[in-house]
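What shape does this take:
(4 chains)
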There are 4 protein chains.
Amino acid sequence: MEDVQNQKDLRNMPIDRVGVKGIKYPITVLDKTHGHQQTTATINMYVDLPHEYKGTHMSRFIEMLHGFRNEMSLKSLAIILDEMKKQLNAQSADIEVRFPYFIEKKAPVSGSRGLMNYDCAFHATSNADDKADILVEVRVPITSVCPCSKEISEFGAHNQRGEVRLMTRFKELLWIEDMIATVESAASCEVYSILKRSDEKLVTEKAFSNPKFVEDIVRDIAVKLKADKNITWYSVSVENFESIHNHSAYAYICSDQGMVGFNDE
Amino acid sequence: MEDVQNQKDLRNMPIDRVGVKGIKYPITVLDKTHGHQQTTATINMYVDLPHEYKGTHMSRFIEMLHGFRNEMSLKSLAIILDEMKKQLNAQSADIEVRFPYFIEKKAPVSGSRGLMNYDCAFHATSNADDKADILVEVRVPITSVCPCSKEISEFGAHNQRGEVRLMTRFKELLWIEDMIATVESAASCEVYSILKRSDEKLVTEKAFSNPKFVEDIVRDIAVKLKADKNITWYSVSVENFESIHNHSAYAYICSDQGMVGFNDE
Amino acid sequence: MEDVQNQKDLRNMPIDRVGVKGIKYPITVLDKTHGHQQTTATINMYVDLPHEYKGTHMSRFIEMLHGFRNEMSLKSLAIILDEMKKQLNAQSADIEVRFPYFIEKKAPVSGSRGLMNYDCAFHATSNADDKADILVEVRVPITSVCPCSKEISEFGAHNQRGEVRLMTRFKELLWIEDMIATVESAASCEVYSILKRSDEKLVTEKAFSNPKFVEDIVRDIAVKLKADKNITWYSVSVENFESIHNHSAYAYICSDQGMVGFNDE
Amino acid sequence: MEDVQNQKDLRNMPIDRVGVKGIKYPITVLDKTHGHQQTTATINMYVDLPHEYKGTHMSRFIEMLHGFRNEMSLKSLAIILDEMKKQLNAQSADIEVRFPYFIEKKAPVSGSRGLMNYDCAFHATSNADDKADILVEVRVPITSVCPCSKEISEFGAHNQRGEVRLMTRFKELLWIEDMIATVESAASCEVYSILKRSDEKLVTEKAFSNPKFVEDIVRDIAVKLKADKNITWYSVSVENFESIHNHSAYAYICSDQGMVGFNDE
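This next block holds a predicted model:
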């Protein structure tokens, strides 16, 4: 049977990335408290394609994913990238794995237990030098209270749910749980899945006592990240789903100097 | 050229709805203030298919849509439904037209002008009796302040953006603008696209003075709709994007007695 | 601390549904092959609220969900509904649970193994009579080849991915796996996560030999469901993401006679 | 009334981008055939914030948008960026405008007329040097036929809808219509909103005679762009919604050498 993909290509045009996109797969990730956590992921896997080949072999990506689904860790991602380059004769490989991650959280007064969900992602890339570059991303829901609204009003202050999106590169393993804690401590108040009345009183008063703009939250997170010697790069955005508007307020800081262009969020 | 769709079908299975789904088209709708408004829509068009025919003729739906795009009103929807039944030899026809609708709104103190967007839809159906049944839907962003949080806390109260989804049937033309006004007057406060500081003070204080659960908002809207003799049917839901949780609070009332089953929102 | 929700309400307006919407939670469902399967779900939980109460108690929904997350089966859903009615003093209760479900599938020639994902849902309702009414929904990706295109063209035929959405009520337990098998056997060809070249040859030829309109697929499924004495109600839609258009072709059959109105898909 | 935003900030942390996100607004864009086209957009507007200021003034973004909505062209975007920097005392400004764009297209044999929709975007940035950098993006639906499937099968070939996402920078004005034409000419066949049977025969046969992998399409587009002296930068991706899988095949080429990192599509 003819292997069309292996035919010679004459256009002299290498391809930066080719592969499979939007595969849904159950995976197991590391969990700081329980060792492992089973979840469901949406995955993209790409390699480069040298100019002389007509096509890549798409089924091999799924075979590799099938084999590695029971441990998607920073360690195994580096191995998957090596495997992708080897099996597809490629110089570079990328894998992106998005998944909801669940953490048990106790309500602050009643101690009621519920699970919080955080959308997370691993973005792993390996180029010709064979060293895996791995970004970890967490998206953390938060509460924010508007300082301007509080200051100028006789009573009350508008507040809303926001979402912080934090991406980091680091030297020693950084747990998802620790990235989330950094974000939650910078909000007007953190968010819970379950709150009894005694808890609702506490979070209302805590948030009102701690008003913050998107600008404040993004800065407070960036200040902490900058001081952390383990973190070698970060980007952090805060989006507030404004309760008084039908659009969001947004702020973004990246550790890179002179960042230009859109980050396409 | 063989007309495969016109072939005889022997399965003895009539089809309730067949047609085209998810067409994006620019349309013109009626505007209470300006006469007409141009917007962009996502459209579904269906007819029934008697058991004896193999298929319908999909291209005719698009031809009809192309002809009617310059006036998508309640009047023209009835004509489109008749045309669909005639051109496709059908007993029933459905058309659903979803579109953002824009209304200029002045900030309450400064008078600054901005446009608010409301997602709207027409759901029009015609059965064997040839009378068009038309539902109008509006989705209205609102502010809500939690009465429990306000009551139990020393200061502050959690609040958030919510979305009200109102669907109505009526006797005399009911303007989208009037449906939106009914909803906005039942919220803790309405939402604006532009607010200067003097406006922000007013909406903060107004909302805080007017705390409402999703239960309160849905009831206040339903009470008004029930009292309106022009409205023959309604369903209304309120969804609050809770600022203290990562999920929504939700309430729903339908004018039908004994509604059962999911509405699949 | 004041229980605002328990206050008397004077508007004389009962609420059909009130509760929590869009909660993300890890759950365990039954698996025909492996006994159990862990996955992640998006969940809505509602009860009715009699006219005399101001509000429901939202945190109790999450407490119940937390307790039942380790077995979300048809049996436990009936228990959850009873518990919801009891703990919230309600006459009716609804729960909707959406989740990706994974099934290992072997490629038809090479036997290569991969996991297929199917979006599924349970829709469970209990009214005053205390009997749970449970719908099971599966969404199944398929391949369809256009019979008209094949007939009128010298060579080739346009084909595309489609999605079948099947909902059923039944007497004896109907496995998700069996609902999926019913759908896949009615397509031009079923879809796989992994196909080697020998498999790709087979599915291409099988699909081309078996051209079907959305009308054919929806009818072939309905004929099977109608003949199955275990199934007491069904609705089935087929949506083709047309390869020659930027919109979908769609067909829908419901076992109810004289269905009217939009199903709001 | 206190201007909280204007307060001194002591964290010594400048913010890369701050502003408003997800505003929906009706806009008018240039149209090669008709001069102007009214459509609806989703818009983000950001500026930088020096380390010494606590916050930006969000309402000014909406005021500027309101003023410029009647002409969103490459020329006016440069003016908006200047205005943003001036009114918000900023060194840099970004605006992103996403909108559906409609073009009338005649079916290739019957000449039937329908409108095609293309999702487009302007990404405009201005930094300290005051020169606007503008990217134009188009997303173009296409048909692709798999060369491998055609080669190895006795008859037929799997095909599907795909989406090409093309972004360009250029010297002289490049029309959206011309970017779309470049993409459509590289597909197995272009996509239409309306096709009669004579047209369906032609597009089926044309596509089958012209099989292309995602790799072929992305290369054929890149070869054309590279040869065009007016284009100074491009990135192009092709995503095929595979008819035989429940995931996509994907390929990406960027004119930059040594592109690294994820583009977060």
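
near chain B, which residues of the stretch 101-250 of chain A show up?
Listed as neighbours of chain B in the stretch 101-250 of chain A under the rule Cβ under 8 Å from any Cβ of the partner chain: A:116-117, A:141, A:143, A:145-146, A:148-149, A:152-161, A:189, A:191-193, A:195, A:197, A:200-201, A:203-205, A:207-209, A:241-247. Bear in mind the C-beta positions are built from the backbone N, C-alpha and C, glycine included.

Quick check, the residue in the stretch 51-200 of chain A closest to chain C?
For the stretch 51-200 of chain A and chain C, the shortest gap (Cβ to the nearest Cβ) falls at residue A:117, measuring 3.9 Å.

mind listing the helices for the stretch 51-200 of chain A?
Remark: helices assigned in the stretch 51-200 of chain A by DSSP state H, counting those that start in this stretch are A:58-68, A:74-87, A:147-152, A:176-184, A:197-208.

Would you reformat those as TSV and include mean pLDDT, distance to chain C and mean neighbour count?
Formatted as TSV, the helices of the stretch 51-200 of chain A follow (pLDDT from 0 to 100; distance: least, Cβ to the nearest Cβ, whole Å; neighbours: other Cβ atoms under 10 Å in any protein chain shown):
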stretch	mean pLDDT	distance to chain C	mean neighbour count
helix A:58-68	97	4	20
helix A:74-87	95	14	18
helix A:147-152	97	23	21
helix A:176-184	98	15	19
helix A:197-208	98	5	21
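
Show the buried residues in the residues of the stretch 101-250 of chain A next to chain B.
A:116-117, A:141, A:143, A:145-146, A:148-149, A:152-153, A:156-161, A:189, A:191-193, A:195, A:197, A:200-201, A:203-205, A:207-208, A:241-247 (16 or more other Cβ atoms under 10 Å in any protein chain shown).

Of those residues, which ones also sit close to chain D?
A:148, A:152, A:246, A:247.

if I pick the second one, what's in contact with it?
When contacts are counted by Cβ atoms under 8 Å, 6 or more residues apart in numbering or on different chains, residue A:152 is found next to B:197, B:200, B:201, B:204, D:1, D:2, D:4.

what residues are up against the residue lying closest to it once chain neighbours are set aside?
Leaving aside its chain neighbours, residue A:152 sits nearest to residue B:201 (4.6 Å; criterion: Cβ to Cβ, 6 or more residues apart in numbering or on different chains). Applying Cβ under 8 Å, 6+ apart to residue B:201 gives the contacts A:149, A:152, A:153, B:109, D:1.

Any idea how far the one helix or strand residue A:217 maps to is from the middle of the chain?
Taking DSSP states H and E as the definition, one finds residue A:217 inside helix A:214-227. In terms of Cα atoms, centre = their mean, to the nearest Å, the centre of helix A:214-227 is set 17 Å apart from its chain centre.

which helices and strands does that helix pack with?
If contacts are counted by 3 or more Cβ pairs under 8 Å, 6 or more residues apart in numbering or on different chains; DSSP states H and E, helix A:214-227 sits against strand A:132-145, strand A:159-170, helix A:176-184, strand A:231-240, strand A:248-254, strand D:15-31.

and if we set it to 7 Å?
On a contact count with 3 or more Cβ pairs under 7 Å, 6 or more residues apart in numbering or on different chains; DSSP states H and E, helix A:214-227 meets strand A:159-170, helix A:176-184, strand A:231-240, strand A:248-254, strand D:15-31.

Those: which one's closest to residue D:132?
Across the helices and strands packed on helix A:214-227, the minimum distance to residue D:132, taken as Cβ to Cβ, is reached by strand D:15-31, at 16.0 Å.

list the helices and strands that closest one packs on?
helix A:214-227, strand A:248-254, strand B:113-126, strand D:35-49, helix D:58-68, strand D:93-106.

let's see it at 8 Å
For strand D:15-31, the elements it packs on are helix A:214-227, strand A:248-254, strand B:93-106, strand B:113-126, strand D:35-49, helix D:58-68, strand D:93-106, judged by 3+ Cβ pairs under 8 Å, 6+ apart.

Report the rounded mean pLDDT for the second one.
Right, the one you point to is strand A:248-254. Averaging pLDDT along strand A:248-254 yields 97.

measure stretch A:124-141 end to end?
Between the opening and closing residues of stretch A:124-141 lies a distance of 24 Å (Cα to Cα, to the nearest Å).

actually stretch A:156-176, not the one I typed
End-to-end distance for stretch A:156-176: 34 Å, by Cα to Cα.

Okay, the closest residue to residue A:162 other than its chain neighbours and residue D:89: tell me how far apart.
In space, and not counting its chain neighbours, residue A:162 is closest to residue A:240: 4.2 Å by Cβ to Cβ, 6+ apart. Residue A:240 sits 22 Å away from residue D:89, taking Cβ to Cβ, to the nearest Å as the criterion.

Which one's more surrounded, the two?
The neighbour comparison of residue A:240 against residue D:89 (other Cβ atoms under 10 Å in any protein chain shown) goes to residue A:240, with 29 against 13.

show me the contacts for the more buried one.
So residue A:240 contacts A:144, A:160, A:161, A:162, A:214, A:248, A:249, A:250 (Cβ under 8 Å, 6+ apart).

Quick check: the two most widely separated of those residues?
Among the contacts of residue A:240, A:161 and A:250 lie farthest apart (Cβ to Cβ), at 14.0 Å.

excluding its backbone neighbours, what's nearest residue A:190?
Spatial nearest neighbour of residue A:190, excluding adjacent residues (Cβ to Cβ, 6+ apart): residue A:184 at 4.0 Å.

Would stretch A:89-99 count as contacting chain B?
No. Using Cβ under 8 Å from any Cβ, stretch A:89-99 stays clear of chain B, with a minimum separation of 15.8 Å.

Give the rounded mean pLDDT of that stretch.
96.

May I see the buried residues of it?
By neighbour count on 16+ other Cβ under 10 Å, the buried set for stretch A:89-99 is A:90, A:92, A:93, A:94, A:95, A:96, A:97, A:98, A:99.

who's in contact with it?
Contacts for stretch A:89-99 (Cβ under 8 Å, 6+ apart): A:17, A:19, A:27, A:29, A:39-50, A:53, A:56, A:72, A:77, A:80-82, A:84-85, A:119-128, D:262.
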